[in-house]
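A.B. asks: need a 3D model of the sequence below.
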Amino acid sequence: MDVRHAVGVKVGVPAEKLADVANYQASPHLSARERAAMEFCERIVRDDLGITDECWARLHEHFGDPEIVELTFIIGFQTFASKFAKAFRLEPQRFSA
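C.D. replies: As a prediction, the model looks like this:
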């Protein structure tokens with residue numbers, strides 16, 4: 001999250017919103033659309049969770065099919081980048097410090 005946090009701050013995402021990502025379900029700083037995207041992301045990346053019908057319905061309340069394809073691609077790419085960095089023991093570069 002180091003680079004993404006720094007970029008988020010640079011483009012004007014409020015710090016309290018970025019700080020609430022880990023608690024997205026209850027965050028008053030995130031919209032219902034953002035919470036639906038975060039739930040979808042969490043369910044994709046965690047092996048112990050699946051994409052439920054309820055999750056899919058919430059996602060479709062806020063996103064069209066092309067947006068869901070793009071969101072899924074971005075989640076997959078970021079997951080790949082994280083695993084790549086882990087494999088090569090790349091340390092965070094402290095962009096958000």
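A.B. asks: not counting its neighbours along the chain, what's nearest F84?
C.D. replies: With CB to CB, 6 or more residues apart in numbering as the measure, L90 is the residue that lies nearest to F84, at 7.9 Å, once sequence neighbours are left out. Backbone N, C-alpha and C define where each C-beta goes, glycine included.
A.B. asks: again, but for E34
C.D. replies: The spatial neighbour of E34 that comes closest, neighbours along the chain excluded (CB to CB, 6+ apart), is Y24 at 7.2 Å.
A.B. asks: quick one, what contacts that neighbour?
C.D. replies: Neighbouring residues of Y24 by CB atoms under 8 Å, 6 or more residues apart in numbering: L30, E34, R35, M38, E39, E42.
A.B. asks: what about the residue nearest to F84, which SS state?
C.D. replies: In the three-state summary, L90 is assigned as coil, counting by DSSP: H, G, I helix; E, B strand; the rest coil.
A.B. asks: show me where this structure has its helices.
C.D. replies: Across the chain, reading from the start of the chain, the helices by DSSP state H fall at 2-10, 15-19, 32-45, 53-62, 65-87.
A.B. asks: point out the most buried one among those.
C.D. replies: Neighbour counts averaged per stretch over those are highest for helix 32-45, at a mean of 17; criterion: mean count of other CB atoms under 10 Å.
A.B. asks: can you pull the poorly scored residue ranges out of this protein?
C.D. replies: Within the chain, the ranges that satisfy pLDDT under 70 run 1-4, 94-97.
A.B. asks: would you format the contacts of Y24 as a markdown table with distance to P66 included?
C.D. replies: Converted to a markdown table, the contacts of Y24 look like this (distance: CB to CB, whole Å):
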| residue | distance to P66 |
| --- | --- |
| L30 | 22 |
| E34 | 18 |
| R35 | 21 |
| M38 | 19 |
| E39 | 20 |
| E42 | 22 |
